[in-house]
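In: Fold the following for me, if possible:
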Amino acid sequence: MRFLLTNDDGIEAPGLIALAEELEKLGEVLVVAPEREMSGSGHAFTKRWPLRLRRVYRDGKPFGYATSGTPADSVKLGLFLAERKVDWVVSGINDGPNLGIDLFYSGTVSGAIEGAIDGFPAVAFSLAGRSGPRSDPAQARSRFAEAAAIARTLLEGLIEHKPALTRVCLNVNIPDLPREQIKGVRLAVQGLQRYDDRFLRGEDPSGEPFYWPASTLVDEDHREGSDLAASREGWITLTPLKIDLTDHELLERMRRWEWELGLGQRQR
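Out: Numbering: from 1, shown residues only. The predicted structure is shown next:
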């Protein structure tokens, strides 16, 4: 079994390192990740300048490759380096949740979606919530090691279903709780909410204005069955995501509207 592993927190992130160690128990792991944090980068990729790639070592041993690009760039490069000979594309473990509307902004989820676009089964893992200070490196390693062990167990269960998961991205959020407090796994729909976008205005030493983002999430989805609700209750959430964003139900209804919109002859 061959895995391509990326993230958006950077190649030195403890979540990536912990997940790489667990995936190595299942097979061969190729790590290709951004050289710096790329949180919120979404599905951006590089078109008009070259990407840099450098080998990264841990404890004197080859660990993976750091790229100058985004998570999507990392997957594209990784598949090129591996000559597409991988079985799964995996992204994470993200430091913080990727629930609801954050799926559109997340570099972690976008890295996995790039794998799905390229025809592979893909999984994005995130650690949802913060139960302790992440400034403590030992605590961070412990939390991510626990989450990575859960991620490996989930992958072991998914491997036998690989044919059904081709071109699908599974978004998984693991509560940042001791394992005995996690209720289990719940299949969930993507929650709905939005950001109340606010900015704090200031001036730099030269007098030029800057705007510091201070947005907050509002209209949080409390529907039974949403990833937001299930995660709050202490469940691991698993949401399958399609590449096709088309609203097929509305599309069929709109086929009957076209003459009203003045778009010419109705399609039949």
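
In: any idea where the helices of this structure begin and end?
Out: Assigned helices in the chain, in chain order: 14-23, 71-81, 107-117, 137-159, 162-165, 227-232, 248-254 (criterion: DSSP state H).

In: most packed of these?
Out: Greatest average neighbour count among those goes to helix 107-117 (a mean of 28), per mean count of other CB atoms under 10 Å. To be clear about C-beta, it is placed using only N, CA and C from the backbone, and glycine gets the same treatment.

In: Can you show me the CA trace of that helix as CSV?
Out: C-alpha atoms of helix 107-117 as CSV (Å, rounded to 0.1, in the frame of the first residue of the first chain):
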residue,chain,number,x,y,z
GLY,A,107,-5.9,23.8,2.5
THR,A,108,-6.0,20.4,4.3
VAL,A,109,-9.3,19.4,2.6
SER,A,110,-8.2,20.9,-0.7
GLY,A,111,-5.0,18.7,-0.7
ALA,A,112,-7.2,15.7,-0.4
ILE,A,113,-9.7,16.9,-3.0
GLU,A,114,-6.8,17.4,-5.4
GLY,A,115,-6.1,13.7,-5.0
ALA,A,116,-9.8,12.9,-5.7
ILE,A,117,-9.7,15.1,-8.8
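
In: so that helix versus helix 14-23, what angle?
Out: Orientation of helix 107-117 against helix 14-23 (axes from the mean of the first three to the mean of the last three CA atoms, to 10 degrees) gives an angle of 40 degrees.

In: relative to helix 71-81, how tilted is helix 107-117?
Out: 40 degrees.

In: about what we covered before: I'd like the helices of the chain written out as a markdown table, with distance to Gly184 and mean pLDDT added.
Out: Converted to a markdown table, these look like this (distance: least, CB to CB, whole Å; pLDDT from 0 to 100):
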| stretch | distance to Gly184 | mean pLDDT |
| --- | --- | --- |
| helix 14-23 | 19 | 96 |
| helix 71-81 | 29 | 96 |
| helix 107-117 | 22 | 96 |
| helix 137-159 | 11 | 91 |
| helix 162-165 | 20 | 90 |
| helix 227-232 | 10 | 92 |
| helix 248-254 | 31 | 88 |
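
In: Any chance of those in a markdown table with distance to Gly40 as columns?
Out: Shown next, in a markdown table, are the helices of the chain (distance: least, CB to CB, whole Å):
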| stretch | distance to Gly40 |
| --- | --- |
| helix 14-23 | 16 |
| helix 71-81 | 11 |
| helix 107-117 | 7 |
| helix 137-159 | 20 |
| helix 162-165 | 27 |
| helix 227-232 | 18 |
| helix 248-254 | 29 |
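
In: how about those helices, which one is nearest Val31?
Out: Val31 lies closest to helix 14-23 among the helices of the chain, at 5.6 Å (CB to CB).

In: Just give me how far the closest one sits from the chain centre.
Out: How far helix 14-23 lies from its chain's middle: 15 Å, per CA atoms, centre = their mean, to the nearest Å.

In: which strands and helices sit next to that helix?
Out: When contacts are defined as 3 or more CB pairs under 8 Å, 6 or more residues apart in numbering; DSSP states H and E, helix 14-23 packs onto strand 2-6, strand 28-34, strand 61-67, strand 88-95, strand 122-128, helix 137-159.

In: out of these, which comes closest to Tyr105?
Out: With distances scored as CB to CB, the stretch of these nearest to Tyr105 is strand 88-95 (11.7 Å).

In: quick revisit: closest to Lys242 out of the helices of the chain?
Out: Among the helices of the chain, helix 107-117 comes nearest to Lys242, with 8.5 Å by CB to CB.

In: That closest one relative to strand 88-95, how many degrees between them?
Out: 170 degrees.

In: Quick one: list the elements packing against helix 107-117.
Out: Short answer (3+ CB pairs under 8 Å, 6+ apart): helix 107-117 packs on helix 71-81, strand 88-95, strand 122-128, strand 168-175, strand 236-242.

In: circling back: what's the closest of the helices of the chain to Lys61?
Out: For the helices of the chain, the distance to Lys61 is smallest for helix 14-23, at 11.6 Å, taking CB to CB.
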